[in-house]
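> one predicted model, sequence on top.
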Amino acid sequence: MAAKTNLLGINRAGERLVVGATVAELVRAVETADSKGAMVVAVHQLAAAQDVAAIPTLITVLGYNNPGAAVAAVDGLVALGQDAVPALLEQIDGYNYGARAWAIRAVALIGDPRALPVLLETAKGDFALSVRRAAARGLGTIDWAKLPADQATSSQREVLEVLIGAAQDPEWVVRYAAMAAIEGLAKALVAPATQKPLLLACLQQTFHYDETPAVQARAGRALEVLGEL
């Protein structure tokens, strides 16, 4: 194993990589990594290749008990953008909760509207606050131009309803993410006449009455950016 790893330019501590390895070689480096540190380095290098052929392996890494490698895999998948979304959505439907949580983080950062159903459901009720936070934040970065106007309007209505609910989440980090997402949604509203009043009311309510100063400040920042404060 060590010989193969060194052939790819990764030392035993996982500290060095030879530039110019093929994707197949980089995949093998991930598969044969003999320590958590070596795995992290190998995944970073595979992610840096930005090749769609790396998607299956990057997604497999999400299920490993190695947070550093998972973060690197998420970064690589996000860099690949919409090409990674179908495979990520399949992973989200899987039985491995850890992998599902990382996959949700990835699709939330990509902003592809195909992920809307899972982001909406996750923001409403996932038991892990970090995953709810990621989903809520992702609802504010959807690329609405990829949907027809009528579909975008109805989807934005549903997103706003979920974000208003997230503004009441017991965890302040989720409420904070909801404020950031509401700001993002406000900038992309297809039907502002009907949806902006509800949106602004939520921001005002949070700005004046939320129990956490950081959340109040984030709502205030959103109002200021939107010219309402």
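Perfect, I can see it now.

> name the next helix or strand downstream of the lowest-mean-pLDDT helix or strand in the chain, please.
Sorted by mean pLDDT, DSSP states H and E, the helices and strands of the chain end with helix 2-7, the least confident at a mean of 36. Later in the chain than helix 2-7, the nearest helix or strand by DSSP states H and E is helix 23-32.

> quick one: list the elements packing against that next one.
Where contact means 3 or more CB pairs under 8 Å, 6 or more residues apart in numbering; DSSP states H and E, helix 23-32 is packed against helix 2-7, helix 36-48, helix 55-61. C-betas here are computed from N, CA, C, even on glycine.

> quick check: chain neighbours aside, which residue is closest to Val118?
Nearest non-adjacent residue to Val118, counting by CB to CB, 6 or more residues apart in numbering: Ile92, 5.4 Å away.

> how about the one you found, phi and psi?
phi -60, psi -30 (degrees, to the nearest 10).

> pLDDT score for Pro170?
pLDDT recorded at Pro170 is 96.

> I misspoke; the intended subject was Thr122.
The score at Thr122 is 94. That number is its pLDDT.

> next one: it from Ala134, what distance?
Noted for Thr122: a distance of 8 Å to Ala134, by CB to CB, to the nearest Å.

> common neighbours of those two, please.
Ile104 (CB atoms under 8 Å, 6 or more residues apart in numbering).

> so who does the residue nearest to Asp83 when sequence neighbours are not counted touch?
Leaving out its chain neighbours, the residue that sits closest to Asp83 by CB to CB, 6+ apart is Val52, at 5.1 Å. In this structure, Val52 makes contact with 80, 83-84, judged by CB under 8 Å, 6+ apart.
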